[in-house]
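Enquirer: when you get a sec, could you give me coordinates for this:
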Amino acid sequence: MKNVELVWIYLLVINLVGFFVMWTDKRRAIRHEWRIAEKTIWIVSIVFGALGTTIGMFACRHKTKHVQFKLGLPLLAIIDFILLVEWMSRTQ
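Expert: Model (predicted):
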């Protein structure tokens, strides 16, 4: 398997994890259960899972009242996209 393929697989998996983290935290919030730490959400987002956490945030209507998430996650997703495009242009 080529490095490019591994990167795409990683991006798919980490973004699914990001979506799942937001979905799980929303379900736990509804049930008044133990919650996922915001630090964990940010860590998943920083390691290129920002698109998944952003989609999860809006799809689950979770953390949308928090400005740091409402603005920060989409901004981080844009930065991830720019870095990915830059990396792809250098690998070809």
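Enquirer: the helices in the chain, which residues?
Expert: Secondary structure of the chain (DSSP state H): helices located at 3-30, 38-44, 50-59, 67-91.
Enquirer: just those: most buried one?
Expert: Mean neighbours per residue, mean count of other CB atoms under 10 Å, is largest over the helices of the chain for helix 50-59, with a mean of 22. Placement of C-beta: from N, CA and C, glycine included.
Enquirer: would a markdown table of the helices of the chain with mean pLDDT be doable?
Expert: Formatted as a markdown table, the entries for these read as follows, by pLDDT from 0 to 100:
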| stretch | mean pLDDT |
| --- | --- |
| helix 3-30 | 96 |
| helix 38-44 | 97 |
| helix 50-59 | 97 |
| helix 67-91 | 94 |
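Enquirer: how many neighbours does residue 36 have?
Expert: Burial of residue 36 is recorded as 15 neighbouring residues (other CB atoms under 10 Å).
Enquirer: tell me the pLDDT at it?
Expert: In this model, residue 36 is scored at 96, pLDDT.
Enquirer: OK, contacts around it?
Expert: Applying CB atoms under 8 Å, 6 or more residues apart in numbering, one finds that residue 36 lies in contact with 21, 24, 25, 28.
Enquirer: can you do 10 Å?
Expert: Neighbour list for residue 36: 21, 22, 24, 25, 26, 28, 29, 44 [criterion: CB atoms under 10 Å, 6 or more residues apart in numbering].
Enquirer: now it: phi and psi?
Expert: In this entry, residue 36 is assigned phi and psi values of phi -80, psi 130 (degrees, to the nearest 10).
Enquirer: that one and residue 56, how far apart?
Expert: Residue 36 sits at a distance of 11 Å from residue 56 (criterion: CB to CB, to the nearest Å).
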